[in-house]
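Enquirer: Build me a model from this:
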Amino acid sequence: MNYIRIEMILRIKYFKILSIVFFINTFSFFGQETPTLISEIGKTYDFSQERQELWVTCDSLSYDTSFRNKFTQRERNILSDKCDEIGYSEACDDLWGVICGNDWTDEGYAPEFIIDKNGKPKSKYDFTTVSSALKSQSRNTYGKNNICDLSYKTAWIEGVKGYGIGETVAFKFKPGHPRITTVIIANGYIKDKETWKNNARVKQLKMYVNDKPFAILNLKDVYAEQAFSIPTIGYKITYLLNNDGTTGWRYKDENGRDVKSYHENSELQPDSIKFEILSVYNGDKYKDTAITEIYFDGLDVY
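Expert: All right, here's what the predicted structure looks like:
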């Protein structure tokens, strides 16, 4: 009897273990959550008056011969070193340039712009959409183009009551765009430190790719650039020499097969990336939540 009882107890325990394993596996399968990504902190922002004045000096040193001739060679060398320290570049229009260019570079992505009748840059196609935007105040605008104009001076600010939880900004990439491997965010209204503190900043963004949840982005409350490394979005592009001697770009899938060519645009599928505000860091003065810039880095750049 004791042996029979022991056997029954062991069988009960065995089935209990099987049930627990089944429950865990079932929960894991059906309860998979969107992965959470932590940002990597990049450069700290500095738009101080001292840096602004030095930038103007560096600009004059580059373009104004009469100004440059006021200094000895040694003095010019010392000034040039200071210009390098603050990241001055002749390619930038001003201190607030995110990256200097209007195409994929080794630093990131920007859409092509045209100048509208008011003299302001406007995307050649509907690259960016937002669920809401704060109305313009005086000369300051807060619309959708601000989040992709590659300027630290402007910002998109949501336009609903409260902190903008649930508000979204989305980007639609043309078919055959270079592959995206990094999302870079200038979080908050960062044109100066006081404005950044006064307005709310994003704490969590939910990222969607082609309307499907892709990742949760956890942002730190820092006055600095934040980058997220992500699985590659887009098709691999290779340079091809055709049989007739012409050249062109071809696109490969994840298995390395040619699936699309540069001139077969009807076959290319665009990608959309959307960000939804999940939570924020409160501003000292306002409930408006701001994002200065979202841009992208990737492969197939030149």
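
Enquirer: T141 touches K153, doesn't it?
Expert: No. Using CB atoms under 8 Å, T141 is not in contact with K153, being 10.9 Å away. C-beta coordinates here come from the backbone N, C-alpha and C atoms, glycine included.

Enquirer: quick check: domain ranges of this protein?
Expert: By the record's domain assignment, the chain is partitioned as 1-32, 35-44+98-298 (automatic domain parsing).

Enquirer: Worst mean pLDDT among those domains?
Expert: Here the lowest mean pLDDT among the domains of the chain goes to domain 1-32, at a mean of 42.

Enquirer: residues of stretch 284-302 that come out buried?
Expert: Residues of stretch 284-302 classed as buried: 286, 288-298, 300 (neighbour count, 16 or more other CB atoms under 10 Å).

Enquirer: which ones are touching L54?
Expert: K82, C83, I86, Y88 (CB atoms under 8 Å, 6 or more residues apart in numbering).

Enquirer: Quickly name whichever of the residues you listed is closest to Q269.
Expert: Q269 lies nearest to Y88 out of the contacts of L54, by CB to CB, at 41.0 Å.

Enquirer: Tell me, how many residues neighbour the closest one?
Expert: 19 (other CB atoms under 10 Å).

Enquirer: dump the residue contacts of it.
Expert: Y88 neighbours (CB under 8 Å, 6+ apart): L54, W55, C58, D59.

Enquirer: What of L79?
Expert: Residues in contact with L79 (CB under 8 Å, 6+ apart) are T57, C58, L61, F71.

Enquirer: ditto for K236
Expert: Counting by CB under 8 Å, 6+ apart, K236 touches R179, Y251, K252, D253, G256, L299, D300.

Enquirer: Highest neighbour count among those residues?
Expert: Highest neighbour count within the contacts of K236: Y251, with 21 neighbours (other CB under 10 Å).

Enquirer: thinking that one is in contact with G176, fair?
Expert: Yes. Using CB under 8 Å, Y251 is in contact with G176, at 6.3 Å.

Enquirer: Need the three-state assignment for N145.
Expert: Of the three states, N145 takes helix according to DSSP: H, G, I helix; E, B strand; the rest coil.

Enquirer: Isn't it up against T128?
Expert: Yes. If you go by CB under 8 Å, N145 and T128 touch, sitting 6.6 Å apart.

Enquirer: Pick out the most distant pair among the contacts of L79.
Expert: Within these, C58 and F71 form the most distant pair, 12.3 Å apart (CB to CB).

Enquirer: Which residue of these two possesses the greater neighbour count?
Expert: Here C58 and F71 are compared on neighbour count by other CB under 10 Å; more neighbours surround C58, at 21 against 13.

Enquirer: Quick check: S62 is in a strand.
Expert: No. Counting by three-state DSSP, S62 is not part of a strand but helix.

Enquirer: Kindly state the neighbouring-residue count (a burial measure) for it.
Expert: 14.

Enquirer: ok, now the one 3 residues further on?
Expert: Residues contacting T65 under the criterion other CB under 10 Å number 7.

Enquirer: Okay, and the beta partners of the closest residue to D221 other than its chain neighbours?
Expert: Spatially, and ignoring its direct neighbours in sequence, D221 is nearest to Y281 (4.5 Å; CB to CB, 6 or more residues apart in numbering). Beta-bridge pairing for Y281 (DSSP bridges): R201.

Enquirer: Alright, calling it a day.
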